[in-house]
Structure formats: C-alpha cells, structure tokens
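**Q** fold the following and give me the result.
(2 chains)
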Amino acid sequence: MKHIFLSTTILFIATVFAVSVNAIEQNKHPVPIDDKSCATCHEKGSTDEMKAAPEAYTQWDTSLHKLNGVSCITCHGEESTFKPQSTISTCASCHSIEVDSMKNAETCSSCHQVHTFRPLKGFKSPHS
Amino acid sequence: MEMSRRNFIKSTLAASAAVAAGISTSSNAVAQSQEVVIERWVKGVCRLCGTGCSVYVGVKGGRLVAMKGNVESMTNTRGYLCVKGMNIWKVAHHPDRLTRPLIRDGKGVLRPASWDQALTLIEKKFKQFHKKYGYDSVAYYGSGQCTTEESYTFNKLWKGGFGSNMVDGNPRLCMASAVAGYMSSLGSDEPAGAYADIEKSETIFLVGSNLSEAHPILFRRVARHKKDNPNVKIIVCEPRKTLTSAVADLWMPSLPGTDLAIFNGMAREIIKNNWHDKNYVKTLGRVTIGDGSKELSWADYVKHLEKYTPQYVERKTGCPAADVKAAAKMFAKSKATLSMWCMGLNQRANGVWANNLIHNLHVITGNYGKPGADAFSLTGQPNACGGVRETGSLAHLLPGARPVANKKWREFVEGYWGVAKYSINPSKAINPKPGMHAVKLFSSLGGEKDKTKPVKAVIMSTTNPAQTLPNVNKFIGGMQDAFTVVIDIFPTRTAQCASVVLPAAFLYEKGGVFGCSERRSFLTDKAVNAPGEAKADIWIASQIAKRMGLTKLIGWANETNIDRMNELAWTDYIGCTANTEKTLKGATYSRLKKSTVGVQWPCPDEKNPGTYKRYVRGMDPIFDNPKRYGYTIPAGAKEFFYARPHGKANIFLRDDPDNSEQTSPAYPFIMTTGRVLEQWHTGSMTMRIPETAAAHPHSFVEINEKDANRLKIKNGDIVKVESVRGYNILPVKIVNNTLEGVIFVPMHDQKADRMVNFICSDIVDPKSAEPDYKVSAVKITKVSGPKKIDGRYLVSRQEMNKKTFS
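**A** Okay, the predicted model is just below:
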C-alpha cells in the first residue's frame, strides 16, 4: 500500500511539474506584450497588430471565466510571469475542491475544454 | 510531522502555484524544485475589498509564497478568489517596502531615523500642539484597512486619552452615507441580512454598484444563483452597462446623480398597482420627513410620490419609463428581494437620501425579515465595518457605533475606559462635541504660521488622502505644511507630503480582526515577521500612548508580543460593546483563533452561533434579552426594528434635488469615477503585483462613441479631461455601453496628470459629509493622437523627497 501511495504521488508530482517545467521552458511570450491588452492581438477581428490564436480568445469570450473576471493574465500571467499553458495549481487557487477530487495524473484539461472550460463529452465527472 | 496524502498533494499544488505565480524569477527547474513544499498554511482574510474572502496564506522559509481560498468560507463560497486576492501576498516582499522610520529634514529630504528618534519627535510635537493650540489641534485619520484592534486603540487613545474627537477615517469617503442611511431608516447601522440572502432571493436589485469589478466574488455568487435559477430576476441600475449587466434581466440606465427619481418612481408604481405590503407598512413602517421626528400619513407619502410618474423619471434620469414600471414589478412581486449597492449611491451629494429611498422600497414591500430579502450596503474596504463603523472610529461616534453626543452612552464609555482616572485632558471626560469629518479635517489642516488652520498635526494610517480626497489639490499644501505622520507599507502621495513616515507591518505580518460587509468578524493569524524595522500599528499606537502618559489607559501598551496585544485590545473592545446590538462578546479571541469562518454579530455569548438575520425573533439574539441592550420589544413581535421607537422603520419623503455639480456649455460632460477589476484604491499594492499592473497599467477615459464622433476623437487618442478644479491627460477608450454625455475614469492611477481626484467635485452630502465623487462636470479636448503611456506608475522613494507630484 505504501509503495502504491509513493509511486502514485511521484507520478502525480511528475505530472504537475511536467506542466510547470514545460511552462517555464517556454515562458517567454513570443513578442513583447508591452502592457498591451491581450485582446489587441488575440481577439478575433481585431484590426490592430497581428492575429494570434483567436480561437482561444473566442472560446474564453463565451466562458463563465470571462463573466466572472478570470481573464488571460489570471491563468497565463503577464510578461514577466508568462506561461503559455496554465498549471493545475493555478486552477487550484479557486477550484481546490475540484482539484482535490481528481485522480492522480489528471489535469483539468483532461476533461474540460481549455478555454470554454466546458466538460468534454464522454468523461464522467470525478467531482462530487 | 506525518503528512497525509491529501495534504501532501495540497502542499505540492500550492508550491507549484507559487512557482507559476512568478516567485522564482530565475525561472529554472532547480529553483522550482526548491519551492516544492509549503511549510505552513496560515488562516486569514483577504487584504483587499469588503467582501471578506477567507484565505490561507502559504509560508515557506519565513516568507509568504502563495495564497488559496478557504473552501469552508461563508463569504467566498467554495474558496473562490479574484485575481487581486490570489496575488495580494506578492506585495509583502516587494523591494519598495518601507523598512525604516523616516524624518524629513530642513531641506525636505526624508532621512532614515531610529524608532526612538521618530517617536520622540511625534511626542514633542503632539505635546507642544496640545499645550499651544488645544487637544483638537492633533488629529488621527484612520482606515478601513487597519485591524479592529488598531482602530479601537487609536480611537480610545484620542477620545478617552486626549479628550478629543478629532478621529476620522477613509470610510467617511465611502461608507458614511450608508451609515447615516441605516441609522435614519432603521435606527441601527449595518445590514439586517447577509450574503446568504443572495442564494435565497427571487429578485436582486443592484444599484450604484459595478459588482462584477468591485466585488467579483459576490458577483460570482449572484451570477451562479441566476444560472442555477433562471427565474430569478436581476435588475441593474447604473449609468454604464458594465459586465454586471451581463447577468441582468433589466439594465436601467440613469444619468449620474439622478436615481433618486427612479427610486421614488418605482415606489409610486408599486403603490399605484397595489403591490405594496399593507400589513408590513402598518406594523413596521412609519412615514416621515426631514430628520425623521415628524410623523406623516400614508396619504402624505402617496401624494409626495405623485410627481414621480414614469415619464417624469425618464425625462430626469434617462431611464426609459417602461423600465421603471418593469423594475417596480420585479421588485415588488418577488417573494424575496435583495438590494445591494455601493459607492454609486454613497459617494453622492444626496447619498443619505438615496440610501433612505432604497430602504423605503424595502419597507413598503416588506423585504427585510425573510430569507433572501434585505437592503444591503456593500463596503469597499476589508475592515470599514468592523474596524471603523463598529468601533466608532469616526468623528461623531463611540464604540458600538453610537454617537458621542449620546450622553448616556458617552458616560458608559467614559466609565468603561476609566477616562476620569487616566485622561491627560483636564476635562477628564470624552468631548460631547463631534470632531471634524474628513474633508473638513483636511481643509482645517495647516502649518503653525497659518492662523486660519486650527489643526496642526495629523497621524494617518493605511490610507492615502493626498490621492483620494476630492479636489485633492486643495488639501496638499496643508498636508505639507502641517506636522503629518504617515504609517504605511509603501511610498505614497501622502508619504510624499509627510513630516515623518513610519514603516508598517502588512496584515499577514501582524494578524488581527477584520469585519466585512455582512457583520462577520474574522481573525487573521500572523504568518511571518515584518521586514526590517516595520511595525504593527497597534505597537505604534501603544508607543505613542506610553509617551503621552497614557500607559494605563491602553492596557496593552507595555506588551511586546503583537498577538497578545491584539488579544487584549480585542477583549477590551468586545467588553465595551457587549451591551449594544453590535455585541461580539461571544466572539472571544480564542474562539476567533479556532474559527475558520468567523462570527457575525450580534453574538452575545460563546454558545451563540452568530446572527444571519437581524430584527427577527428566533434569529436575532437581541430579542432574547432586549433590556440588556436598552431596547423594549413587545412579546408578540416577530419582526421589530428595535433601535427605532415602536420598532418601526422610517419611510422618508425625499425629493430629488440637483445638489451635484451641474453641466454647463463650458463643462458639458458628467464624469463619474470607479474601480476596475484588477486594481484597488490608489494602486499602492495592486500596481506592484505584476499581473494586476499589466491588466490595468494606467488610467483612461471611457466615452460614448457618439460623443467621441462629435469630438472627432478616436480610440487611443490623448485628451485633456478638465473641470474647474483640475485636469487629467488620458488615453481614450470608446464604448457603446454608457449614456451619451457621461464619461468614466478609473480612480487608481498615481501619475500626477492621471490622478482623477484633481478633477473631482468636493461637494459633500450635508448629513454624512461623504464627497460626491460620482458627479463632476467636465470638458474634453483632444491633445494628440495615440501615444505610448508611461504605465504602472508608482511613487518612488526618491519622489517622496519632491514637493511636486510627477
């Protein structure tokens, strides 16, 4: 039992840090943000600057996260703290009940579409 | 210590959160692995708005490294936090922290000094001014961000020790109209209900509140309630169609300063349609006018409302007549209606009347004493209610939020504090005359050479009036000329004016009690030590007390352990107010130490769970022994406003006078100010958090697209926004969600030419003395096309030595 616990914990940490380290390795935003609003480049139909991943912005734009003021910087940081992929730990800042109920090796995006946060089809919710 | 699997995962997650949040600026995997395990989670409350979110701060190596919501919380249910709250711990170790006392020398430069030097200077000046100009020449200006123990200590020191009521605080600038509204309508300050009413309501009336940005966690509760219960009606009444309106069934636009007509119009419509609760009005309502002393008839009230036809309201406010009718129906026909408001109602020339009129709607529809129904004023600061309103740390109050002019209560407090024995004022009594409210205090502050200014010294804690006062240019000279002491954690505009700057401990470096909007007091435990020589305010107040000969008055003055000082001050406070309706006698320090949810007053003993709903038998413990609190409640009364004669709430006849500054051909726009989601107050903390600074790096002016077209200005253009008092230079943000003729400027920017309070009107409400920040007449002229803005501006240590603001 002890071994199982140890190995699952190691697996869990490895998963978490796979995400974190991955984030850190690519932590530079591709172009200087320079205090511009994320929408300047990421919003679909934006007439300014370059277009970048507008589908992510579009998904977020319809989400409950947007309604509740959870914006790009909440999960992705700003220029000096930027992470292209958010971490499960960031999710846990608000959703620790849900994170606590997850199985090892699961991340939020295992079951939720990344920017709408709607549950993906075919997954049974582990949350009570 | 053996660590459970669950806790191990939690610790790991949080550490990862810390890494992700930017603690490891070196950004390498080794650094991250060193951050793996949080050593301790320490319970506390969020340092920012008045919601009172319950949190845990993560500590590693004696430093704050993370923050998470408390999943047991009754405020931020399920542990949700907003972007400010989840990042606020980052300011604790910011390199700009003030860590040594500073004294301004003859050349105007702030020089490091020892605590002994700083306190000796304060003692010398205070004693000199007391002797030369009287005890009222030295003032204390506090904050809804000090702990209850700190505010209580300063209040006791001034009112009990110096015999001076020259104590006011920044809640005067945000909550005073709500206080006066509750007192005049219901007889006792603070809401009858609680946040728990949100999920029990059938209609929610949000007025004068951009809840989505000013109180995002409460907005989340409202939005979730609507999502889970689509039949719930939400009405939003505000000049701007903000994100708050995204969940609304009805947005009622209103020109700033005019909504009193809307409230009267809704009341008229309710009565006209026979939707009012006649039995409630008969048993619990009383029609009155003016100061409330003269009773009028229901017919007088109905006659008074006749003017407020939907058509009149539309002409006056810009709110469509049909919306007034629809809102009245939603308000009155629901089984439980909850109104929530904030600065949009309070920071007004008619703020108290606006509050009275909201209460009117609740009285005539019987929307107080049942689950889901209440008239709920939201606070902007974390301890404006607990620390300032309940401890009576305003110029006209004593602990228990009772007036200093109330002889019986004054004599009780004098006896409880031992004023006759300990006061240094020869009167050996609390002064029965109220001191000066904030705007008057700073108007009266000046140097010794200025004979027109009777206030010669002020000590200001955890607040920044040199940025926040309305028409602020009027007050800066007085602050610079007088002997001013500033207690803060960072350089601010006020510190820039100070004679002495004292470095303060951050909340999680000292602990203490905060009482939020819903009457809930919650103890934050000290988590880490303060940096350098920074000290807790309670220690500073105690040192001043000792030097002024008031060691015996402040019974914790000789303590050295901050936790013990807090405990003694809290215990003294809850003893003082034990026989008021605000009793927290049952919320002992040891109980608060153990509690992870806090306690709502009234709470008369340790067995009492605290009170969700006031004025209702079976819920409010005041009904169990009303005599103890000085009240009489008839045996059969189920609901009773016991702080009012005969238990009846006032229904006020209030008109809709145009007391705010009016537009003119020269100043044709109405400017209103407010918060944005990611910033807080003067930005001294939130502009030092990378994420929140990036999200809102500088101020802007929001303008309707039709107005912009007329002025031939485009998005990003730089314009001058100017009133008769001053101006800002701001980039333009064109919107289509606000009324024509109305512009909005956020209030957080420290850059001199973007400090909006240089523009704001300094008209105050005649009753509450709260300034009318929400209505200023301005003009707009184009300066240039788009330009790069020097965002994230912060007053630096160097700038504190400059007389002018950059």
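
**Q** separation between the residue of the stretch 651-800 of chain B found nearest chain A and A:Thr81?
**A** Closest contact between the stretch 651-800 of chain B and chain A, by C-beta to the nearest C-beta, is at B:Ala694 (3.3 Å). Just so you know, the C-beta spots here come from the backbone N, C-alpha and C atoms, and that holds for glycine as well. Distance check for B:Ala694 against A:Thr81: by C-beta to C-beta, to the nearest Å, it reads 9 Å.

**Q** got a list of contacts for stretch B:567-580?
**A** B:148-150, B:152-153, B:156, B:390-391, B:399-402, B:413, B:416-417, B:513, B:538, B:555-556, B:559, B:583-585, B:587-589, B:592, B:604, B:628-630 (C-beta atoms under 8 Å, 6 or more residues apart in numbering or on different chains).

**Q** again, 6 Å this time
**A** B:149, B:152-153, B:399-400, B:416, B:555-556, B:583-585, B:589, B:628-629 (C-beta atoms under 6 Å, 6 or more residues apart in numbering or on different chains).

**Q** residues in contact with the residue of the stretch 251-400 of chain B found nearest chain A?
**A** Per C-beta to the nearest C-beta, B:Trp251 is where the stretch 251-400 of chain B lies closest to chain A, at 15.4 Å. Counting by C-beta under 6 Å, 6+ apart, B:Trp251 touches B:Val236, B:Lys241, B:Ser245.

**Q** now do the same end-to-end measure for stretch B:670-678.
**A** 24 Å (C-alpha to C-alpha, to the nearest Å).

**Q** actually, stretch A:58-67.
**A** 13 Å.

**Q** now do the buried residues in stretch B:119-136.
**A** B:Leu119, B:Leu121, B:Ile122, B:Glu123, B:Lys125, B:Phe126, B:Gln128, B:Phe129, B:His130, B:Tyr133, B:Tyr135, B:Asp136 (16 or more other C-beta atoms under 10 Å in any protein chain shown).

**Q** what's the answer for stretch B:717-729, then?
**A** Quick answer for stretch B:717-729 (16+ other C-beta under 10 Å): B:Asp717, B:Ile718, B:Val719, B:Lys720, B:Val721, B:Glu722, B:Ser723, B:Arg725, B:Gly726, B:Tyr727, B:Asn728, B:Ile729.

**Q** that one: how far from the chain's middle?
**A** Centre-to-centre, stretch B:717-729 and its host chain are 27 Å apart (C-alpha atoms, centre = their mean, to the nearest Å).

**Q** need the residues that contact it.
**A** B:471, B:473, B:701, B:730-732, B:753-754, B:758-759, B:776, B:778-785, B:787.

**Q** buried subset of the contacts of B:Trp251?
**A** B:Val236, B:Lys241, B:Ser245.

**Q** look at the last one and report its pLDDT.
**A** pLDDT, the model's per-residue confidence, is 96 for B:Ser245.

**Q** ok, it to B:Glu199 distance?
**A** Counting by C-beta to C-beta, the gap from B:Ser245 to B:Glu199 is 21 Å.

**Q** what's the burial count for the spatially closest residue to B:Leu398 that is not a sequence neighbour?
**A** Leaving aside its sequence neighbours, B:Leu398 sits nearest to B:Gly392 (C-beta to C-beta, 6 or more residues apart in numbering or on different chains; 4.4 Å). Residues lying near B:Gly392 (other C-beta atoms under 10 Å in any protein chain shown) number 28.

**Q** hmm, B:Gly392 is touching B:Pro399, no?
**A** Yes. The pair B:Gly392 and B:Pro399 qualifies as a contact (C-beta atoms under 6 Å) at a distance of 4.7 Å.

**Q** if we can go back for a sec, could you work out the most separated pair of the buried residues of stretch B:717-729?
**A** Farthest pair in these (C-beta to C-beta) is B:Asp717 and B:Arg725. Separation: 23.3 Å.

**Q** put together CSV for the buried residues of stretch B:119-136, with distance to B:Ala635 and secondary structure on each row.
**A** As requested, the buried residues of stretch B:119-136 are exported to CSV (distance: C-beta to C-beta, whole Å; DSSP: H, G, I helix; E, B strand; the rest coil):
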residue, distance to B:Ala635, secondary structure
B:Leu119, 56, helix
B:Leu121, 60, helix
B:Ile122, 55, helix
B:Glu123, 56, helix
B:Lys125, 58, helix
B:Phe126, 53, helix
B:Gln128, 59, helix
B:Phe129, 55, helix
B:His130, 52, helix
B:Tyr133, 55, helix
B:Tyr135, 47, helix
B:Asp136, 47, helix
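
**Q** quick one: low-confidence ranges for chain A?
**A** Scanning chain A for pLDDT under 70 picks out A:1-26, A:47-49, A:128.

**Q** so where does the nearest residue to B:Ala708 once chain neighbours are set aside fall, helix or strand?
**A** Spatial nearest neighbour of B:Ala708, chain neighbours left out: B:Ile734 (4.7 Å); criterion: C-beta to C-beta, 6+ apart. Secondary structure from DSSP states H and E places B:Ile734 in strand B:727-735.

**Q** nearest residue to the residue in the stretch 501-650 of chain B that chain A sits nearest to in space, please, no chain neighbours.
**A** Using C-beta to the nearest C-beta, the single residue of the stretch 501-650 of chain B nearest to chain A is B:Thr596, 14.0 Å away. Using C-beta to C-beta, 6+ apart and skipping the chain neighbours, the partner closest in space to B:Thr596 is B:Glu72 (5.2 Å).

**Q** burial count for that neighbour?
**A** Look at B:Glu72: counted by other C-beta under 10 Å, it has 12 neighbours.

**Q** circling back to that earlier point, near chain A, from the contacts of stretch B:717-729?
**A** Among the contacts of stretch B:717-729, no residue lies close to chain A (C-beta under 6 Å from any C-beta of the partner chain).

**Q** among these, which ones are in helices?
**A** Per DSSP state H, helices hold the following members of the contacts of stretch B:717-729: B:Asn473.

**Q** of the contacts of stretch B:717-729, buried ones?
**A** The buried subset of the contacts of stretch B:717-729 - by 16+ other C-beta under 10 Å - is B:471, B:701, B:730-732, B:753-754, B:758-759, B:776, B:778-780.

**Q** closest to B:Val281 among those?
**A** B:Ser776 (38.0 Å).

**Q** residues contacting the closest one?
**A** B:Glu661, B:Met671, B:Ser723, B:Ile759, B:Cys760, B:Ser761.

**Q** distance check, it against B:Ala349.
**A** B:Ser776 is 11 Å from B:Ala349, by C-beta to C-beta.

**Q** now B:Lys733
**A** Distance, B:Lys733 to B:Ala349, by C-beta to C-beta: 27 Å.

**Q** thank you kindly, that will do.
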